[in-house]
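**Q** Sequence first, then the predicted structure, then my questions.
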Amino acid sequence: MAAKKAWEAASKSMLEEVGRWGCMKQTGVSLRYMMEFGSRPTQRNLLISAQFLHKELPIRIARRAIELESLPYGLSHKPAVLKVRDWYLDSFRDMRSFPEIKDANDEKEFTQMIKAIKVRHNNVVPMMALGVQQLKKSLDPNIVNEDLVEIHQFLDRFYMSRIGIRMLIGQHVELHNPNPPPHIVGCIHTKMSPVEVARNASQDARSICLREYGTAPDVNIYGDPNFTFPYVPTHLHLMVFELVKNSLRAVQERFMDSDKVPPVRIIVAEGIEDVTIKVSDEGGGIPRSGLPKIFTYLYSTARNPVEDLEASNAVTMAGYGYGIPISRLYARYFGGDLQIISMEGYGTDAYLHLSRLGDSQEPLP
């Protein structure tokens, strides 16, 4: 009994601390700043970076933990969401119980700890998807997507914040690489070729299509392979992969019995402010009434693989309906955007705008 009381008191004081930290101001950083700061990963810079994260990460984590407590329609009480909330509280506790970082040894230990936090949060997206599915099952069917605006807005903030937390941790951890490849600063490639990343992402998407359907449309890429600009290749890979995967599925299903299957086309254009990547398909398009839905988290035309979440980690061809809204957040994280234009009866064009300037501050929800 005494142990239970002590535990309750401890958790109460921790929740009060979460509340206190959640009110503090977040500090955004830009791609350019991360790149310039990380280009000299001296011991002193690593120490400064760790000290910054030691103060910044608990603020960001606390804000999300607080939001997870008060979601509408009872979403906060769904088992999967409670699990995510516990991950955030555990990470907050780890961060806050870590002493002040004074020297290289402290910094090394701190780096190991935030690495473990990043791993702990690996499954946050599918787990939240599971929570939303659990909610959908229990909701009155008369509540339509439009009524769930608050949940969409929360998920946008939540996932945007997660991208930022993972970027900051990933960047700090990667700066410890003793022999980084040329032009690599942490997670950032200072001379990234968008054509090359698009090629790799398309190959990955095609191999999944081949696995699911036994065949896959071609992907043709247009653009200068020698053109480069600073960006995070893993982010771009994820976005192009999602867009191409959707296009391949649409084309494949529309031309299932046809001998002549039109290719998916990717065009990479370099502007002064933006690099734009257009993914074009002739997969029949999306009706106009369906377009707003593709950016929501509660909609997917495909069967839902979330139920298999516990059983497998395989990437499926289509899924939680999360690829598109999350890709848009990745684009916006560094000042870009994602737009989708459809011609019902013909096909879809997705425009991925990436900011070339690298000056935009992180959007901090």
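**A** Looks like it came in fine.

**Q** Residue ranges in this protein under the pLDDT threshold?
**A** The model of the chain has pLDDT under 70 over residues 1-10, 141-147, 299-321.

**Q** what distance separates stretch 203-219 from the middle of the whole chain?
**A** 23 Å (Cα atoms, centre = their mean, to the nearest Å).

**Q** buried stuff in it?
**A** When burial is assessed from 16 or more other Cβ atoms under 10 Å, stretch 203-219 yields the following buried residues: 204-206, 208-209, 216-217, 219. Backbone N, C-alpha and C define where each C-beta goes, glycine included.

**Q** Contacts for that stretch, please.
**A** Applying Cβ atoms under 8 Å, 6 or more residues apart in numbering, the contact partners of stretch 203-219 are 202, 237, 241, 244-245, 248-249, 251-252, 255, 261-266, 315-317.

**Q** Restrict that stretch to CA atoms and write it as PDB.
**A** As requested, the backbone C-alpha atoms of stretch 203-219 are provided in PDB (Å, rounded to 0.1, in the frame of the first residue of the first chain):
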ATOM      1  CA  GLN A 203      12.900   1.300 -57.500                       C
ATOM      2  CA  ASP A 204      11.800   0.500 -53.900                       C
ATOM      3  CA  ALA A 205       8.200   1.300 -54.800                       C
ATOM      4  CA  ARG A 206       8.300  -0.800 -57.900                       C
ATOM      5  CA  SER A 207       9.700  -3.800 -56.000                       C
ATOM      6  CA  ILE A 208       6.800  -3.600 -53.600                       C
ATOM      7  CA  CYS A 209       4.400  -3.400 -56.500                       C
ATOM      8  CA  LEU A 210       6.000  -6.400 -58.100                       C
ATOM      9  CA  ARG A 211       5.700  -8.300 -54.900                       C
ATOM     10  CA  GLU A 212       2.000  -7.500 -54.600                       C
ATOM     11  CA  TYR A 213       0.900  -7.700 -58.200                       C
ATOM     12  CA  GLY A 214       3.600  -9.800 -59.900                       C
ATOM     13  CA  THR A 215       4.100  -6.900 -62.300                       C
ATOM     14  CA  ALA A 216       4.800  -3.100 -62.100                       C
ATOM     15  CA  PRO A 217       4.400  -0.100 -64.500                       C
ATOM     16  CA  ASP A 218       7.700   1.500 -65.600                       C
ATOM     17  CA  VAL A 219       8.800   4.800 -63.900                       C
END
